[in-house]
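1. Quick one, what's the 3D model for this:
(one chain, ligands or ions: 1)
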Amino acid sequence: MNTAQAGIFALGTSSHIYLEFDLVNPKLCKDFAAAVAAIREPRTTTGGVNFVIGFRPELWREMVPEHAPANVEGFNEDIEGVEGFVIPATQHDALVWMSSSAYDVVFDMARTVIQDLAGKATLKEETSGWAHKHDRDLTGFVDGSENPTLLDAPADALLPVGEPGAGGSVLLLQKWRHRTAEWEALPVAKQEMVMGRTKAESIELENKPEDSHVARTDQDKFGNIFRRNMPYGNVDNHGTVFVGFSAEQRRLTKMLESMAGLANGTRDALTRYTQPLTGAYYFVPSVENLRELR
Ligand code: HEM
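-> Next up is the predicted model:
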């Protein structure tokens with residue numbers, strides 16, 4: 001059994017940074033991969049940093065074809081939903097996600113990573129994430145209630161033994177900006193109809209509307225994923241970093257299409273109050289496959 005990157009399941013961290021890179025010279029992708037695989041976390045426990053390293057699926061297939069999962073692709077085309085709603089594709093070549101208990105270590109480590117990759121890859125997108133009111137996203141709702149437990153999550157998030165890329169995971173990373181003023185103008189009862197859960201206790205509504213967020217992403221229908229969403233941004237411009245891991249890319253793409261109204265014409269009500277700004281898929285290889293790049 002291959003070992004998953006530990007950062008996927010490292011819950012309880014309050015400071016995050018997501019760095020997305022593009023290769024300077026695509027012909028030198030092995031040099032770049034070796035530099036990524038050589039990244040070293042600080043050797044401390046309390047001040048430690050968790051890493052999750054991912055590659056554009058096509059780039060990974062080119063570098064390590066024997067450990068590339070079948071039919072996994074980058075976010076290469078916008079999803080054009082109903083009513084002119086678009087989920088944009090902003091794919092990059094690699095992702096380094098770091099998380100820790102405090103922002104200073106994440107900040108310092110991020111600077112080291114950028115320096116280590118200098119000349120090989122250019123930083124294209126930097127997003128800082130931080131915990132808000134323990135476990136709430138910036139809509140004020142608890143985020144992650146229907147996540148599988150840590151005992152079940154590996155089976156939902158990781159490619160199974162025997163498949164190419166076993167122990168790896170397909171990650172969907174997106175930045176969604178919130179329309180906070182419009183959201184906060186809604187009475188709580190209306191917000192609950194949008195989400196499909198109660199706000200205070202996060203209890204699923206018995207008669208949740210068809211267009212509620214949890215109806216559009218119902219895991220009983222699409223299959224389970226493992227979400228590590230975090231709030232991001234400043235007072236004026238903020239939202240949710242959607243961080244979703246799945247053993248199968250299809251679960252994630254189908255959920256996005258469903259949110260965009262492509263499943264049955266019903267668009268997710270949450271998309272009327274949040275706007276997707278970025279979207280990329282990364283293959284997050286197992287520790288063993290990553291080590292082979294050195
Ligand atoms: C602005 C962006 C988003 C926000 C603020 C958000 C927030 C939430 C909240 C508050 C819940 C209910 C509690 C929970 O189970 O976690 C939820 C459920 C869920 N969300 Fe999202 N979400 C966002 C985007 C997405 C996207 C892009 C996907 C999929 C690609 C997704 C997939 C899910 C799933 C699978 C569930 C659980 C559904 C079930 O009950 O089976 N979410 N989300």
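
2. which secondary structure elements does the strand or helix carrying residue 172 contact?
-> In this assignment (DSSP states H and E), residue 172 forms part of strand 169-178. The contact analysis (3 or more CB pairs under 8 Å, 6 or more residues apart in numbering; DSSP states H and E) places strand 169-178 against strand 50-55, strand 94-100, strand 238-246, helix 249-259, strand 274-284. To be clear about C-beta, it is placed using only N, CA and C from the backbone, and glycine gets the same treatment.

3. Could I have the CA atoms of the third one written out in CSV?
-> This means strand 238-246. Only the C-alpha atoms of strand 238-246 are listed here, as CSV (Å, rounded to 0.1, in the frame of the first residue of the first chain):
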residue,chain,number,x,y,z
HIS,A,238,-12.7,37.4,0.5
GLY,A,239,-14.3,34.0,0.2
THR,A,240,-13.6,30.3,0.2
VAL,A,241,-10.8,28.2,-1.1
PHE,A,242,-12.5,25.0,-2.1
VAL,A,243,-10.0,22.1,-1.6
GLY,A,244,-11.6,18.8,-2.5
PHE,A,245,-9.9,15.4,-2.8
SER,A,246,-11.3,12.4,-4.6
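
4. Not counting it itself, show me its contacts.
-> 8, 16, 18, 97, 127, 129, 137-139, 143, 156-157, 169-178, 180, 223, 225-233, 252, 274-275, 277, 284 (CB atoms under 8 Å, 6 or more residues apart in numbering).

5. continuing past the lengthiest helix in the chain, what's the next helix or strand?
-> Using DSSP state H, we find that the single longest helix of the chain is helix 103-116. Heading C-terminal from helix 103-116, the first helix or strand you meet, by DSSP H and E, is strand 121-130.

6. what residues does the stretch 101-250 of the chain put near the ligand?
-> 137, 139, 141-146, 172, 174, 176, 195, 197, 202, 213-214, 217-219, 225, 240, 242, 244 (CB under 6 Å from any ligand atom).

7. Among these, which ones are in strands?
-> Among these, the members found in strands (DSSP state E) are 172, 174, 176, 240, 242, 244.

8. Identify the farthest-apart pair in these.
-> 172 and 240 (12.7 Å; CB to CB).

9. rewinding a little: would you convert the helices and strands packed on strand 169-178 into TSV that also reports mean pLDDT and mean neighbour count?
-> Listed next are the helices and strands packed on strand 169-178 as TSV, based on pLDDT from 0 to 100; neighbours: other CB atoms under 10 Å:
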stretch	mean pLDDT	mean neighbour count
strand 50-55	96	24
strand 94-100	97	25
strand 238-246	98	22
helix 249-259	98	20
strand 274-284	98	23
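
10. closest to residue 290 out of these?
-> It's strand 50-55; of these, that one is closest to residue 290 (CB to CB) at 6.4 Å.

11. picking up where we left off before, could you turn the buried ones of the contacts of strand 238-246 into a PyMOL selection?
-> In PyMOL, this line selects whichever of these come out buried by 16 or more other CB atoms under 10 Å:
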select buried, resi 8+16+18+97+127+129+137+138+139+143+156+157+169+170+171+172+173+174+175+176+177+178+180+225+226+227+228+229+230+231+232+233+252+274+275+277+284
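
12. excluding its backbone neighbours, what's nearest residue 275?
-> Leaving aside its sequence neighbours, residue 275 sits nearest to residue 177 (CB to CB, 6 or more residues apart in numbering; 4.8 Å).

13. That neighbour contacts residue 274, doesn't it?
-> Yes. Counting by CB atoms under 8 Å, residue 177 touches residue 274, with 6.7 Å between them.

14. residue contacts, residue 82?
-> Applying CB under 8 Å, 6+ apart, the residues near residue 82 are 260, 261, 262, 265, 267.

15. got a winner among these for most neighbours?
-> residue 260 (22 neighbours; other CB atoms under 10 Å).

16. Pull the contacting residues for residue 88.
-> 78, 276, 277, 278, 279.

17. What of residue 10?
-> Counting by CB under 8 Å, 6+ apart, the residues that residue 10 touches are 50, 99.

18. how many neighbours does residue 184 have?
-> Residue 184, neighbours per other CB under 10 Å, totals 12.

19. per-residue confidence at it?
-> With respect to pLDDT, residue 184 scores 98.

20. and it, backbone torsions?
-> phi -70, psi -20 (degrees, to the nearest 10).

21. Same question for residue 138.
-> Dihedral angles for residue 138 - degrees, to the nearest 10 - are phi -80, psi 0.

22. May I ask which helix or strand encompasses the residue nearest to it when sequence neighbours are not counted?
-> In space, residue 138 comes closest to residue 231 once its chain neighbours are excluded; the distance is 4.8 Å by CB to CB, 6+ apart. Per DSSP H and E, residue 231 falls inside strand 230-233.
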